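Q: Okay, sequence plus prediction incoming.
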Amino acid sequence: MRNILLFDVDGVLIHPEGYKVALRRTIDYFGTQMGRASIHFTDDEISIFEACGLTNEWDSAAFAVGLMLTQALAEHPNLQADTLEGTFANIRQSTNAYSRPDFVSHVRQVAARNPNGDAPTPHALAYLQASAN
């Protein structure tokens, strides 16, 4: 008989809702780094991300945080620093609030750029890069 040791780091295998909890906590963590108390990423937003091909928290969180960062810098470009930590600090310490991104609208635009249903990550990255310029 073989023994198998399984590490469920984010709780997804034991508790299916663990995926959503991990995603929300990650987005909220980075929101806090940018001076927001909570982003309140909803079940509907998660479902639409999944329907648009972003089906794991690694891709979804990276895209959501990227949207938050590009939104803040689009509204207040003077807050960009030489490092990500410096940029987060500038945003956090600024008295200028930034708008919560319309996550659904953005992820749908990424899906529209991916009509063949390819892996969505390169399309999400290209979208963020275009948004940052």
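A: Arrived safely. Keep in mind it's a predicted model, so treat the numbers as computed, not measured. Residues are numbered from 1 along each chain as shown.
Q: Any stretches of the protein with poor pLDDT?
A: Under the criterion pLDDT under 70, the flagged ranges of the chain are 8-16.
Q: tell me the centre residue of it?
A: Nearest to the mean C-alpha position of the chain, by Cα atoms, centre = their mean, lies residue 64 at 2.0 Å.
Q: That one: what's its closest spatial neighbour, skipping adjacent residues?
A: Sequence neighbours aside, residue 27 is the residue nearest to residue 64 in space, at 5.0 Å (criterion: Cβ to Cβ, 6 or more residues apart in numbering). The C-beta positions use only the backbone N, C-alpha and C, and glycine is treated the same way.
Q: helices and strands around whatever helix or strand the one you found lives in, which ones?
A: When elements are defined using DSSP states H and E, residue 27 is found to belong to helix 18-33. Counting contacts by 3 or more Cβ pairs under 8 Å, 6 or more residues apart in numbering; DSSP states H and E, the secondary-structure elements packed against helix 18-33 are helix 43-51, helix 57-75, helix 84-93.
Q: which of those helices sits most buried?
A: Ranked by mean neighbour count under mean count of other Cβ atoms under 10 Å, the helices and strands packed on helix 18-33 are led by helix 57-75, which reaches a mean of 20.
Q: Return the distance of that one from the chain's centre.
A: 5 Å (Cα atoms, centre = their mean, to the nearest Å).
Q: Just want the angle from it to helix 84-93.
A: Between the direction of helix 57-75 and that of helix 84-93, the angle (axes from the mean of the first three to the mean of the last three Cα atoms, to 10 degrees) works out to 60 degrees.
Q: now helix 57-75 against helix 43-51, angle please.
A: For helix 57-75 and helix 43-51, the angle between their directions (the same axes, to 10 degrees) works out to 110 degrees.
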